[in-house]
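Colleague: Provide a 3D model corresponding to the input given below.
(2 chains)
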Amino acid sequence: MIATRKYAWLGLTSARSNLAYLAEVAARTLFLGVILFIFLQLWRATYAESGAERLGGLTLPQMLWYLAITEAIILSAPRVSHEVDQEVRTGALAVQLVRPLSYPLARLGMTLGERLVRFALNAGVGALVALVLVGPVPIAPQGLAMFAAALLGAFVLDFLALFLVGLGAFWMEDTSGLALIYSRLTMILGGMLLPLELFPEAVQPLLRALPFAGIVYGPARLFVRPDAAFLADLLVRQGVAVAVFALAVAAVYRAGIGRIHANGG
Amino acid sequence: MESSVVAEQLVKTFVVTSGWGRGRTRREVVAVDGISLDIPAGQAVAFIGPNGAGKSTTIKMLTGILHPTSGSARVLGYTPWRERRELVRHIGAVFGQRSQLWYHLPPRDTFELLARIYELDRPTYLRRRDMLIERFGIGPFLTTPVRKLSLGQRMRAEVAASLLHGPKVLFLDEPTIGLDVVARQELRDLISSWNRDEGMTVFLTSHDAGDVERVARRAIVINHGRVVFDDKVSALRREYLAAKILSVKFQAPVAPIELPGVTTLKATEYALKLEVDTRVTPIERVMSAVLRAGPVADIAIEDPPLEEVIAHIYSRGAPQAPEEVTTP
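Modeller: Residues are numbered from 1 along each chain as shown, chains lettered A, B, ... in the order given. A predicted model of the protein is given here:
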């Protein structure tokens, strides 16, 4: 219990640190407004052209809200891989190891704290823009609770993947290329612009099985169309992916720590 | 007296590989080559040596971050690399170039966080925090974001943060780097008085001879992974820090100064750089000679760089570590 409290406090401190320069973070969310406006025009034309009321099971307002949530998830991604890469490369990791903390758990706590602040801000701006452009979509407290559960799973999963990329610095000269590939895969295969239902049917099962959908598509879809069965399925998929990534992180971290001497400081 | 840090024949080698395929080569590098230490509880030790001497690797082994290739060590009774999690609750570390303070938050928030990390109970935490605030003079900037602090203030908060959990051994790695003369002196005095009053063992690495002289009682010099000097700082000072570097700028051209024990390192029409062996001629006499030589525009007295001190140790045949060292 005490052990959990220290990581929770790290999360809280990280959240407060991010709130300290809120104006700067808020300035970045202007981008979100522009994106949503452009995509509204595109989707309007697409809905009008197809003549359908729903595409992939979503109405036009639902589609824009879906987009607001996926964009908020993507734009709130902290630079975990870059920070871990730097800590490994400069030897700053050694500073973390002389405290009674598990480095991966400490990083998880800090990342969740930072991400919650950034997501709240992005989602707030996204919701405001969506509200002005297409009006509200029905949201029930139960749906919000489902969304929150899915979001937590998504953030933990995304953290593990990013952390794993950062640990690559123990062996690689530069992990930024790997981080770029991961972020683009998350955007494209995770369903940031298109819900998975709009992908060709043949590839949908594969996309659902990949972890990217659990990070982006799953939570956003639950937000616009809450569904207990969908949530249960999503949590199982997220749970399996989290377990696999956690094992990979544990193995790679253990191997990496053995190489710490090679990294100065 | 009870030992707080003991190391016996610590060796650390690692393999460096380069190239690809058939051209790939493996080279074994010896970073630490049989270091033995015995540091009694409460002693302040300077652990010095040039870059790449093995200081950092030794500290990483003593703090449990690295496994040695061979040899043994006990820090506060723990084998560091096997019992790191238990050990780190009782040691503190300050890295001059790496902050543990949260940059956008005031020092108070980092203190609160550290209280949770070290699982301090509330009354103990508050008592220690208030004592550190008073001793380190942090009160005026306790609630100011770290990014707005001067480097001197930041380092005081940094050291105080590392003392919050009452470590029995404090590792300091270049704690005064980048500080101005006054801030440097303040920090040295604070560390030194804490060591004296609290009986905390101090393990200091620094490139600054002043840090070594003001903070430590004992100096261990290492080079190429081996101990080349282990004795009292007063012996180091007497033997190797007796030289001072005197840089003088004049307002008018001057003639060279010739005194016993004074070597001219550099001379131009308006400037002189002298190395003074203070055992032969006291610095005051050299200063008088300088002032008599012509109108002085600027003057500075410095210690020779530690690299030079180590070179001197080598040129005199690298004395071996003595069996016993007097404790403070």
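Colleague: how about the residue of the stretch 51-200 of chain A found nearest chain B, what does it touch?
Modeller: For the stretch 51-200 of chain A, the residue closest to chain B is A:V98, as judged by Cβ to the nearest Cβ, at 4.5 Å. No exception for glycine: its C-beta is placed from N, CA and C like everyone else's. Contact partners of A:V98, counting by Cβ atoms under 8 Å, 6 or more residues apart in numbering or on different chains, are B:T63, B:G64, B:I65, B:V88, B:I91, B:A93, B:F171.
Colleague: roughly how far apart are it and B:F95?
Modeller: 9 Å (Cβ to Cβ, to the nearest Å).
Colleague: For the residue lying closest to the residue of the stretch 51-200 of chain A closest to chain B once chain neighbours are set aside, list each beta-bridge partner.
Modeller: Spatial nearest neighbour of A:V98, excluding adjacent residues (Cβ to Cβ, 6 or more residues apart in numbering or on different chains): B:A93 at 4.5 Å. Under DSSP bridges, the beta-bridge partners of B:A93 are B:F171.
Colleague: contacting residues for B:A93?
Modeller: When contacts are counted by Cβ under 8 Å, 6+ apart, B:A93 touches A:V95, A:V98, B:T63, B:S162, B:L170, B:F171, B:L172, B:D173.
Colleague: Can I get those residues in JSON lines including distance to A:I74 and pLDDT?
Modeller: What follows is those, written out as JSON lines (distance: Cβ to Cβ, whole Å; pLDDT from 0 to 100):
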{"residue": "A:V95", "distance to A:I74": "31", "pLDDT": "77"}
{"residue": "A:V98", "distance to A:I74": "35", "pLDDT": "89"}
{"residue": "B:T63", "distance to A:I74": "39", "pLDDT": "91"}
{"residue": "B:S162", "distance to A:I74": "38", "pLDDT": "94"}
{"residue": "B:L170", "distance to A:I74": "44", "pLDDT": "95"}
{"residue": "B:F171", "distance to A:I74": "42", "pLDDT": "93"}
{"residue": "B:L172", "distance to A:I74": "43", "pLDDT": "92"}
{"residue": "B:D173", "distance to A:I74": "39", "pLDDT": "88"}
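Colleague: Highest neighbour count among the residues you listed?
Modeller: Neighbour tally across these (other Cβ atoms under 10 Å in any protein chain shown): the maximum, 26 neighbours, falls on B:L172.
Colleague: List the residues that contact that one.
Modeller: For B:L172, the contact set (Cβ under 8 Å, 6+ apart) comprises B:A93, B:V94, B:G96, B:V159, B:I191, B:V202, B:F203, B:L204, B:T205, B:S206.
Colleague: among the residues you listed, which are in strands?
Modeller: For the contacts of B:L172, the ones inside strands are B:A93, B:V94, B:V202, B:F203, B:L204, B:T205, with DSSP state E as the criterion.
Colleague: Bridging across strands, which residues link to the last one?
Modeller: Partner residues in beta bridges with B:T205, using DSSP bridges, are B:D173.
Colleague: Contact residues of the stretch 101-250 of chain B facing chain A?
Modeller: When proximity is defined by Cβ under 8 Å from any Cβ of the partner chain, the stretch 101-250 of chain B lies next to chain A at B:102-105, B:109-110, B:112-113, B:116-119, B:145, B:171.
Colleague: try 10 Å
Modeller: B:102-106, B:109-110, B:112-119, B:145, B:147, B:162, B:165, B:167, B:171, B:173 (Cβ under 10 Å from any Cβ of the partner chain).
Colleague: So which of these belong to helices?
Modeller: Using DSSP state H, the subset of these located in helices is B:D109, B:T110, B:E112, B:L113, B:L114, B:A115, B:R116, B:I117, B:S162.
Colleague: where does the residue nearest to the fifth one when sequence neighbours are not counted land on pLDDT?
Modeller: Read that as B:L114. Nearest non-adjacent residue to B:L114, counting by Cβ to Cβ, 6+ apart: B:L164, 5.1 Å away. Per-residue pLDDT puts B:L164 at 95.
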